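Asker: Sequence below, structure please.
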Amino acid sequence: MNCIFCKIAKKEIPSEKIYENDKVFCFLDINPVSKGHTLVISKKHYENIFDIPENELKELISVVKKISKKRKKELNADGINLFNANGKIAEQSVSHFHIHIIPRYKNDGINISKMFKQK
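Answerer: From the prediction side, this is the model:
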């Protein structure tokens with residue numbers, strides 16, 4: 001398999017590891033949206049939310065919460081955005097299920113709400 005996230009989880013490609021357990025691997029995004037932008041992935045390859053077994057998803061989201069709290073405190077962030085895309089039409093950039101933890105800071109210039117405004 002030629003999945004970059006699988007290679008990162010197996011440590012075949014270097015990354016800035018934030019956390020790891022037997023099922024989940026967390027590392028800094030190589031193109032961060034904000035300081036501390038972290039990716040949380042399953043160590044097993046699942047393409048998207050539709051493929052990952054519920055028990056693995058529960059483990060992963062539990063780690064997302066743990067790391068979100070830790071990053072918010074460590075980085076003195078004012079908030080956190082979580083982001084996940086599933087499928088090409090949803091702009092999933094890597095076909096390996098992952099959740100972005102994006103720390104937010106006052107006046108950081110990121111405007112997520114534009115995506116959700118009705119026209």
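
Asker: Could you pull out the helices in the protein for me?
Answerer: 4-9, 54-75 (DSSP state H).

Asker: Give me whichever of those is most buried.
Answerer: Relative to the other members of the helices of the chain, helix 4-9 carries the highest mean neighbour count by mean count of other C-beta atoms under 10 Å, namely a mean of 19. C-beta: built from backbone N, CA, C; applies to glycine.

Asker: circling back to that earlier point, out of the helices of the chain, nearest to Glu47?
Answerer: With distances scored as C-beta to C-beta, the stretch of the helices of the chain nearest to Glu47 is helix 4-9 (10.7 Å).

Asker: So which of the helices of the chain is nearest Ile41?
Answerer: Across those, Ile41 has its closest neighbour in helix 4-9 (5.0 Å, C-beta to C-beta).

Asker: who does the closest one touch, helix- and strand-wise?
Answerer: Applying 3 or more C-beta pairs under 8 Å, 6 or more residues apart in numbering; DSSP states H and E, one finds that helix 4-9 makes contact with strand 24-28, strand 38-42.

Asker: for this protein, which spans come out with low pLDDT?
Answerer: Across the chain, the ranges flagged by pLDDT under 70 are 1, 115-119.

Asker: contacting residues around the biggest strand by length in the chain?
Answerer: Identified as the longest strand of the chain according to DSSP state E is strand 98-104. Defining contact as C-beta atoms under 8 Å, 6 or more residues apart in numbering, one finds that strand 98-104 is touched by 5, 26, 29, 33-41, 60-61, 64, 67-68, 71-72, 75, 77-84, 110.

Asker: Same question for stretch 67-75.
Answerer: Outside stretch 67-75, the residues that reach it (C-beta under 8 Å, 6+ apart) are 18-19, 26, 35-36, 38, 40, 77, 79-80, 82, 101, 103.

Asker: one more time with 7 Å
Answerer: Defining contact as C-beta atoms under 7 Å, 6 or more residues apart in numbering, one finds that stretch 67-75 is touched by Ile18, Tyr19, Cys26, Lys35, Gly36, Thr38, Val40, Ala77, Ile80, Ile101, Pro103.
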